[in-house]
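K.L.:
Would you be able to build a 3D model of this:
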Amino acid sequence: MKTEILKVLNLKKFFQMINNNATKIDFTLLKPSQVLMKNIHVNWLRFTLGKTQKHMPVYLNRKTFELCDKNIPFGFITIDKQSTEILTHNLRSVYPEETSKLALNIIIPQKDIMKIFIQWQRYRKYWWSSITTTPSLFSINDMKLENNEANVDILAKFPFGSFPVERITITCDDNESNNYRLSCTMSLENALFIILLDGLSNYSKEEYLRLHRKITPYKIAFGFNFEDNKNKERLSKLVQVLFNKLEGNQIAALLPSIPMSLDSQIKENLQMGVTYTAIVDETTLENGIFQLLNSSTMLKEQVHVADFHEYASSLFNY
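P.N.:
Residues are numbered from 1 along each chain as shown. Predicted coordinates:
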């Protein structure tokens, strides 16, 4: 396991190591990690609200929840963020030491306990499978009874071990009213490590970090290819226009690293899990056509700049 964790922490576009020794590593999250965690959070929130809002109100923070009149059933979301920028990873564990806690809590009457408990086990396992490139990675362990609560864990099963990614619990919320609380609790930092471990386990020979297109930090990156420096400024302006259109359509994009070679630009994009690379060259200035490289297949297709933003929207329409 230590070897696998070191592979994750050595993803230089995602982490910056501060201090390290034989048992512990101090590190910070670079922008791609931060964006990936944000995407996980947003996807979690959309899924959660999609499964609850037709059936019950869900309060997005504790303050709003405490001020409102509440009829059973109802839900509320809590998040306890870790407060330090420098994280510590004990290499005997799969997860960092300091992590946030993200939880959905649903208050339900006693008669609905088992139905909702089983239902949300299915929902949460499905969600984990929907944001990774290995849907079969996840399973649910047997129910345990501990300290007047029932709980199950969703597990990620890798060849080097199984690790809990989320806990679902049922506890008595109010002895007088006989209501119960279902809680689904996970950590964004832990989710980040599980998703990167999964991406590395599907690493391609081209060094593509295979992340699900729903949550990858950047969906489309640009690559420059030019021989005449006179065309550099014109290409830069064209790429900026295309970039702005993608951002306007809520498609996360990445501008090219210059003066890196095109091969180096593509390799960098693959290592960040970018789904597509748009390769713009001097012929694009003549006919408006560029090549769009699919990171999964390494196949290229031709796209015209006039059609690009609509075509890109269709690629990420889910």
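
K.L.:
Kindly list the longest helix within the protein.
P.N.:
helix 31-52 (DSSP state H).

K.L.:
can you give me the strands for the stretch 101-250 of the chain?
P.N.:
101-109, 138-140, 144-146, 149-158, 161-174, 179-186, 220-225 (DSSP state E, counting those that start in this stretch).

K.L.:
start to end distance for stretch 171-191?
P.N.:
24 Å (CA to CA, to the nearest Å).

K.L.:
circling back: run through the neighbouring helices and strands of the next helix or strand after the longest helix of the chain.
P.N.:
Downstream of helix 31-52, the first helix or strand assigned by DSSP states H and E is strand 58-59. Applying 3 or more CB pairs under 8 Å, 6 or more residues apart in numbering; DSSP states H and E, we find strand 58-59 packed against helix 31-52, strand 74-80. The way it works is simple: take the backbone N, C-alpha and C, and place the C-beta from them, glycine included.

K.L.:
So for the protein, the centremost residue is which one?
P.N.:
Ranked by distance to the mean C-alpha position of the chain (CA atoms, centre = their mean), the top residue is residue 40 at 3.6 Å.

K.L.:
got a list of what the spatially closest residue to that residue that is not a sequence neighbour touches?
P.N.:
In space, and not counting its chain neighbours, residue 40 is closest to residue 191: 5.1 Å by CB to CB, 6 or more residues apart in numbering. Contacts for residue 191 (CB atoms under 8 Å, 6 or more residues apart in numbering) come out as 37, 40, 165.

K.L.:
what is residue 152 paired to in the beta sheet?
P.N.:
residue 168 (DSSP bridges).

K.L.:
and which of the contacts of residue 191 is nearest to residue 83?
P.N.:
Nearest to residue 83 out of the contacts of residue 191 is residue 37 (CB to CB; 15.2 Å).

K.L.:
Okay, residue 91 and residue 33: tell me how far apart.
P.N.:
Applying CB to CB, to the nearest Å, the value for residue 91 to residue 33 is 18 Å.

K.L.:
neighbour-wise, which of those two wins?
P.N.:
residue 33 (21 against 17; other CB atoms under 10 Å).

K.L.:
Include distance to residue 183 and pLDDT when you put the contacts of residue 191 into a markdown table, please.
P.N.:
Converted to a markdown table, those look like this (distance: CB to CB, whole Å; pLDDT from 0 to 100):
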| residue | distance to residue 183 | pLDDT |
| --- | --- | --- |
| 37 | 21 | 95 |
| 40 | 19 | 96 |
| 165 | 15 | 96 |
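
K.L.:
I'd like the residues you listed as CSV, with distance to residue 78 appended.
P.N.:
Output for the contacts of residue 191, formatted as CSV (distance: CB to CB, whole Å):
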residue, distance to residue 78
37, 17
40, 17
165, 18
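
K.L.:
Can you tell me the SS state at residue 256?
P.N.:
Secondary structure, DSSP: H, G, I helix; E, B strand; the rest coil: residue 256 is coil.

K.L.:
Return the residues in contact with residue 80.
P.N.:
With CB under 8 Å, 6+ apart, residue 80 has these contacts: 100, 101.

K.L.:
let's see it at 10 Å
P.N.:
Residues in contact with residue 80 (CB atoms under 10 Å, 6 or more residues apart in numbering) are 99, 100, 101, 102, 103, 185, 187.

K.L.:
swap in residue 196?
P.N.:
4-5, 7-9, 11, 14-15, 33, 36, 209, 211, 273.

K.L.:
Kindly report the same for residue 223.
P.N.:
By CB under 10 Å, 6+ apart, residue 223 lies in contact with 239, 254, 256-257, 260-266, 268-269, 277-281, 290-291, 293.

K.L.:
Now, these that are in strands?
P.N.:
254, 277, 278, 279, 280, 281, 290, 291, 293 (DSSP state E).
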